[in-house]
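Chemist: structural data only, the sequence is not supplied:
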């Protein structure tokens, strides 16, 4: 084949691929936008920025066993310096965090689970099963001085649950703002909010802050509950999730391999 003809065929093929991908991306975004409108209209729990804990009875059950979660976390924190920064696992957070001061220990996310992490935290995993529609779970670690700038979550079909595990008693230096409401974590207490609202979080103390960080399906009425499940089920096929899975697997291989050598 003539070189110019071959190059033209490659260019046209690339353009066709980009056109198809662009079409798919627009179609998906249109579906997400429609789902978000339904979620607001058919919410079974209203649409506040921050929710009363008692709106979710299971939250009190999780709180009641928080010491078991803390005990497993303490074993993880022995190797805190080896834990990955959040942006090293999830590329989508790089726009708000690119330093080593937000670390994570991942348990599960949108259809992907870490069997090795779960094996290290069996009680935490058992307790997490109390949360209906759990989509992701991890330990979220703020080093001293960490401040996440104002940002919004990408989709309003999930709510966020934080359980305070290691929280220095300095509410004037540690907190989270969700929309117009400033909240403070407390050890053993839940905080439930909608991360689709603008929020920012900070740890201006000289000690580490750790919460159990969970996203779960927002309780919705028909037909929003069905469209929401469809959107969330698609999440595991997105580049962000696939890339995060590969990055986490690579980190696990190093972390647990090093752990074996330490024994």
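Modeler: Done, it's in. Given the structure is predicted, the values throughout are model-derived calculations rather than measurements.
Chemist: any low-confidence regions in the chain?
Modeler: Residues of the chain meeting the criterion pLDDT under 70: 1-25, 27-28, 258-263.
Chemist: can you pull out the helices in it?
Modeler: Secondary structure of the chain (DSSP state H): helices at 3-41, 57-64, 66-77, 86-89, 115-120, 122-128, 224-235, 239-262.
Chemist: which of the ones you listed sits closest to residue 181?
Modeler: Shortest distance between residue 181 and the helices of the chain, using C-beta to C-beta, is found for helix 57-64: 17.6 Å. Quick note: C-beta positions are derived from backbone N, CA and C, even for glycine.
Chemist: who touches that closest one?
Modeler: With contacts defined as C-beta atoms under 8 Å, 6 or more residues apart in numbering, helix 57-64 is touched by 53-54, 127-128, 130-132, 161, 163, 188-190, 192.
Chemist: give me that answer again for 6 Å
Modeler: 53, 127, 130, 131, 188, 190 (C-beta atoms under 6 Å, 6 or more residues apart in numbering).
Chemist: how about stretch 239-250?
Modeler: If you take C-beta under 6 Å, 6+ apart as the criterion, stretch 239-250 is touched by 89, 90, 91, 92, 106, 110, 112, 235.
Chemist: list buried residues within the contacts of helix 57-64.
Modeler: Neighbour counting over the contacts of helix 57-64 (16 or more other C-beta atoms under 10 Å) leaves 53, 127, 131, 188, 190 as the buried ones.
Chemist: which residues touch the fourth one?
Modeler: Contact partners of residue 188, counting by C-beta under 6 Å, 6+ apart, are 63, 66.
Chemist: how far away is it from residue 64?
Modeler: Distance of residue 188 to residue 64, given as C-beta to C-beta, to the nearest Å: 9 Å.
Chemist: try the third one
Modeler: Taking C-beta to C-beta as the criterion, residue 131 is separated from residue 64 by 14 Å.
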